[in-house]
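Colleague: sharing a model that was predicted from the sequence below.
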Amino acid sequence: MTTVSLASDIYNKGGTPLLILHGLLGAARNWMAIAKRLGEEYEVHAIDLRNHGRSPWIDGMAYDVIANDVARYISDNGLIRPAILGHSMGGKTAIALALTHPEKVDRLLVADIAPVPYGRARRSSFLDYIDGMATIELSGVLRRAEADHILEPVIPEKSVRAFLLQNLVPDGDGFRWRCNLEALANGMADIIDFPDKLLEARYSSGHVLFLTGELSDYVRPEHRPIIRSTFPNARFASLKGAGHWLHADQPRSFIAAVRQFMAAPSMKSQVRD
């Protein structure tokens, strides 16, 4: 399937490269505060995945396909084995990248997701979000607060609405969605799934950390054998007081965990020593 050229925000050119891959209905912009802090030490590339942010809109949300977009980005930007940090959907993309293009990945931090299919409840909730967003008649919306009011009966959680409405961006005298709602709805089955064929590969050439939120149930004990069989070097850690959006819930602890992970000597250095 055709790859696309991904948009990104880059912080601190010239440092050790670190790519950040956002989750479903997110964007590079959501990671700005985290990326700026990490950019004090590393060359951070906060990427907009396909059908999100400023990246192209195109059909297809299978993880091997999205991973190929990221592999193209790494090549197009002349990056040599960057570290990859992915959250949720971005975490599955990071996993797929490490398994299909291991030569392009120095180390892997997966934030609150596992390489497993998730049930109908997760699919339904995200489809509810997308359906709610799609029902807003943007031609009649003059202020973001109006869109928030329209979403409230469908999505009562204020924090979730605030997250979703970050996708509402000014367009002339009105607004538009910066994510491709139709492509995401059509690709939801692939987004909540993970291809079994990818789990036949192994990634053992770099450090791997699965970082979870203490209050989240996305990564369960029964997922660990699957993770370890695919990532024999995998370690696990949890952020106290954090849910699924752990980087937003506990940003200081999250940044500290990423810095500690990045500071570990590369596997190749350990072998040489």
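Modeller: Nice, I can see it. Note that the structure is predicted; figures quoted are calculated from it, not measured. Residues are numbered from 1 along each chain as shown.

Colleague: give me the number of residues near the residue nearest to L24 when sequence neighbours are not counted?
Modeller: Nearest residue to L24 in three dimensions, chain neighbours excluded: M89, at 4.2 Å (Cβ to Cβ, 6 or more residues apart in numbering). For every residue, glycine as well, the C-beta is placed using N, CA and C. M89 has 24 neighbouring residues, counting by other Cβ atoms under 10 Å.

Colleague: quick one: contacts for M89?
Modeller: H22, G23, L24, G26, L49, I113, I191 (Cβ atoms under 8 Å, 6 or more residues apart in numbering).

Colleague: what about 7 Å?
Modeller: G23, L24, I191 (Cβ atoms under 7 Å, 6 or more residues apart in numbering).

Colleague: give me the neighbour count for the first one.
Modeller: Other residues lying near G23 total 26 when counted by other Cβ under 10 Å.

Colleague: what distance do you get for the nearest residue to it once chain neighbours are set aside to Y118?
Modeller: Leaving out its chain neighbours, the residue that sits closest to G23 by Cβ to Cβ, 6+ apart is S88, at 3.2 Å. Applying Cβ to Cβ, to the nearest Å, the value for S88 to Y118 is 10 Å.

Colleague: and P265, by the same measure?
Modeller: P265 sits at a distance of 34 Å from Y118 (criterion: Cβ to Cβ).

Colleague: in terms of neighbours, single out the busier of these two.
Modeller: Y118 (16 against 10).

Colleague: in helices, which of the contacts of M89 fall?
Modeller: Secondary structure assignment by DSSP state H places I191 of the contacts of M89 in helices.

Colleague: would you list the contacts of M89 in JSON lines and tack on pLDDT and distance to R37?
Modeller: Output for the contacts of M89, formatted as JSON lines (pLDDT from 0 to 100; distance: Cβ to Cβ, whole Å):
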{"residue": "G23", "pLDDT": "97", "distance to R37": "19"}
{"residue": "L24", "pLDDT": "96", "distance to R37": "24"}
{"residue": "I191", "pLDDT": "95", "distance to R37": "28"}
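
Colleague: now distance to E152 too, for the contacts of M89, in TSV please.
Modeller: Formatted as TSV, those follow (distance: Cβ to Cβ, whole Å):
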residue	distance to E152
G23	23
L24	21
I191	25
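
Colleague: closest one of the contacts of M89 to L108?
Modeller: L108 lies nearest to G23 out of the contacts of M89, by Cβ to Cβ, at 15.9 Å.

Colleague: what residues are up against that closest one?
Modeller: Listed by Cβ under 7 Å, 6+ apart, the contact partners of G23 are H87, S88, M89, G90.

Colleague: at 8 Å instead, please
Modeller: H87, S88, M89, G90, G91.

Colleague: which of those residues tops the neighbour count?
Modeller: Ranked by neighbours (other Cβ under 10 Å), the contacts of G23 are led by H87, which has 30 neighbours.

Colleague: so what's the residue count around the residue nearest to that one when sequence neighbours are not counted?
Modeller: Excluding its sequence neighbours, the residue lying closest to H87 (Cβ to Cβ, 6+ apart) is A111, at 4.0 Å. Neighbour count of A111, defined by other Cβ under 10 Å: 31.

Colleague: residue numbering should commence at 329 henceforth.
Modeller: Got it, the first residue is 329 from now on, which makes the last one we talked about A439.

Colleague: what bridges to A439?
Modeller: A439 has these beta-bridge partners by DSSP bridges: H415, L539.

Colleague: W573 is in contact with that one, correct?
Modeller: No. Using Cβ atoms under 8 Å, A439 makes no contact with W573, being 9.2 Å away.

Colleague: what's the following helix or strand after whichever strand or helix holds V497?
Modeller: Taking DSSP states H and E as the criterion, V497 maps to strand 496-499. Toward the C-terminus, strand 496-499 is succeeded by strand 502-505 as the next helix or strand (DSSP H and E).

Colleague: each with direction, which strands does that next one pair with?
Modeller: Here, using DSSP bridges, strand 502-505 pairs with strand 496-499 (antiparallel).
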